[in-house]
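Asks: Fold the stuff below for me.
(one chain, ligands or ions: 1)
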Amino acid sequence: MTDQSVLRLEQVSHVYVGDQGAHLVLENFNLSVGQGEFVSLVGPSGCGKTTALSLLAGLLVPTSGRALLNGARVTGPSMKVGYMLQQDYLFPWRTIYDNVAIGLEIAGYDVRPARIDGLLEELGLPGAGKRYPHELSGGMRQRVALARMLAADPDVMLLDEPFSALDMHIKLQLEQLVHDTLRRRGKTAVLVTHDLAEAAAMSDRVIVLARNPGRIRFELVVPEALSSAGPLEARRLPGFQEIFDRLWAELEQVDADLPAAGEDRKGGSSRE
Ligand SMILES: Nc1ncnc2c1ncn2[C@@H]1O[C@H](COP(=O)(O)OP(=O)(O)OP(=O)(O)O)[C@@H](O)[C@H]1O
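Replies: You can find the predicted model right below:
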């Protein structure tokens, strides 16, 4: 996969320097994601999942090693990389149409109304362009965030827990929508999630990270029968439970390897 990788982290280490001193978050981290591949990163809080995405997105520069997009070094944010987060960050004073168009406007691209309307329709929001974010439910707002990301037609989608704030029913619907939309368009994606079932149901490959410093502990290729089925159907198929159990066991082991003292799991990694 070396040469065909759309995304790569090569021997990446990353150190944050703050009031508490230097904190090595990722160490000799290697990741390759092929064209059209959907890869999930799971692991305990603070193991560096979001940091890895930020390096791929060009929001951070690695302390050592390099991030590559389509073989070229990542030097900053690019329209070729879309980002979707837990929060939708829609602008409340802009209509849905204007929220979807904003990335294109800022980049100086031609905004074609029919394309924006078509995207909204494709994502189950027909006619929503004139409405405002406060008129929409959380799930609908995330659909708008998805539309905003797709509007620029990026090569790569980085998804940082985009479903985690949603009710179960809406979450599953949105997982399915994201899966179908990205597969249909042949997009390459990296998903960060704490939900093992979500990772198992959506991905071609799941990577389990350990922390302090963040590194790959385990990698699992999801059988094609599951990864191509879509997240709703995958959960019903034989073999799904086995994948889930394997990931669960690895994550339990990561937990067992952590320092035992009662630490705040969210910020525990800063105490070294
Ligand atoms: N800008 C920053 N400055 C200093 N430390 C940071 C910064 N951003 C993140 N960290 C620390 O780096 C570690 C990794 O953070 P990161 O957000 O990448 O982890 P994560 O695996 O995504 O965690 P979570 O699952 O909780 O979102 C954490 O200990 C975090 O507190």
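Asks: Residue ranges in this structure under the pLDDT threshold?
Replies: When the per-residue scores of the chain are filtered using pLDDT under 70, the ranges that remain are 1-3, 258-272.
Asks: Break down this protein into its strands, ranges please.
Replies: If DSSP state E is used as the criterion, the strands of the chain fall at 5-18, 21-34, 38-42, 64-69, 72-73, 81-85, 156-160, 188-192, 205-210, 215-221.
Asks: Let's have these in JSON lines, adding mean neighbour count.
Replies: The way it works is simple: take the backbone N, C-alpha and C, and place the C-beta from them, glycine included. Written out in JSON lines, the entries for the strands of the chain read as follows (neighbours: other Cβ atoms under 10 Å):
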{"stretch": "strand 5-18", "mean neighbour count": "18"}
{"stretch": "strand 21-34", "mean neighbour count": "18"}
{"stretch": "strand 38-42", "mean neighbour count": "25"}
{"stretch": "strand 64-69", "mean neighbour count": "18"}
{"stretch": "strand 72-73", "mean neighbour count": "10"}
{"stretch": "strand 81-85", "mean neighbour count": "22"}
{"stretch": "strand 156-160", "mean neighbour count": "23"}
{"stretch": "strand 188-192", "mean neighbour count": "25"}
{"stretch": "strand 205-210", "mean neighbour count": "23"}
{"stretch": "strand 215-221", "mean neighbour count": "16"}
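Asks: Make CSV out of the ones you listed and add distance to the ligand.
Replies: Conversion of the strands of the chain to CSV gives the following (distance: least, Cβ to the nearest ligand atom, whole Å):
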stretch, distance to the ligand
strand 5-18, 3
strand 21-34, 4
strand 38-42, 8
strand 64-69, 14
strand 72-73, 21
strand 81-85, 11
strand 156-160, 8
strand 188-192, 6
strand 205-210, 7
strand 215-221, 12
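Asks: quick one: which of those is nearest residue 147?
Replies: Using Cβ to Cβ as the measure, strand 81-85 is the one of the strands of the chain that comes nearest residue 147, at 10.4 Å.
Asks: Show me where this structure has its helices.
Replies: Listed in chain order, the helices of the chain (DSSP state H) span residues 49-57, 96-106, 113-122, 138-151, 168-185, 196-202, 224-227, 231-234, 240-257.
Asks: Comparing those, which comes out most buried?
Replies: When you average the neighbours per residue for each of the helices of the chain (mean count of other Cβ atoms under 10 Å), helix 196-202 leads with a mean of 25.
Asks: can you tell if that helix touches the ligand?
Replies: No: for helix 196-202 and the ligand, the contact criterion (Cβ under 6 Å from any ligand atom) is not met; the two come no nearer than 12.8 Å.
Asks: so what's the nearest residue to residue 89 once chain neighbours are set aside up against?
Replies: Nearest residue to residue 89, sequence neighbours excluded (Cβ to Cβ, 6 or more residues apart in numbering): residue 145, at 7.3 Å. Shown here is residue 145, whose contacts under the criterion Cβ atoms under 8 Å, 6 or more residues apart in numbering are 84-85, 88-90, 162.
Asks: Done for today, thanks.
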